[in-house]
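Undergrad: need the 3D shape of this:
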Amino acid sequence: MPGVSMAIIWGDPALGAHATFTKFAPGHDSGMHSHTNDLWIVVIKGAYLYKDEDGEKRVGPGDFIRVPGGRKHWSGGDKKEGALFYEEGGSKFDLIPAK
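TA: Predicted coordinates:
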């Protein structure tokens, strides 16, 4: 996806359990989507922006968020700094655009 870069720490996100350092460019917009499996995210720099039916969250450096599998949400990066975060998943990574 344009505006996203990823460095694998362990595992393989295309095949199964994994951990990555992921970077969203400033102002990145992932659109509304879901993932099949849970993801755990800890922000290192900037801010990971998250919005679902329960509201909006700005997840900053040192903060943690769990993204539940199957939950439709929007995510993106801070408009000035983007976001650099550690992401871990117990199964392969997917991004399913919302209809």
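
Undergrad: just give me how far stretch 11-24 sits from the chain centre.
TA: Here the centre of stretch 11-24 is set off from its chain's centre by 11 Å, with CA atoms, centre = their mean, to the nearest Å.

Undergrad: then stretch 91-99?
TA: In terms of CA atoms, centre = their mean, the centre of stretch 91-99 is found 11 Å from the chain centre.

Undergrad: ok, stretch 61-76 next?
TA: Counting by CA atoms, centre = their mean, stretch 61-76 comes out at 6 Å from the chain centroid.

Undergrad: tell me the buried residues in that stretch?
TA: Within stretch 61-76, the residues that qualify as buried are 67, 73, 75-76, counting by 16 or more other CB atoms under 10 Å. The C-beta positions use only the backbone N, C-alpha and C, and glycine is treated the same way.

Undergrad: what bridges to Ala7?
TA: Following DSSP bridges, Ala7 is listed with bridge partners Phe21.

Undergrad: if we can go back for a sec, from the buried residues of stretch 61-76, pick the one nearest Asp29.
TA: Gly76 (4.7 Å; CB to CB).

Undergrad: and the pLDDT for that closest one?
TA: pLDDT, Gly76: 97.
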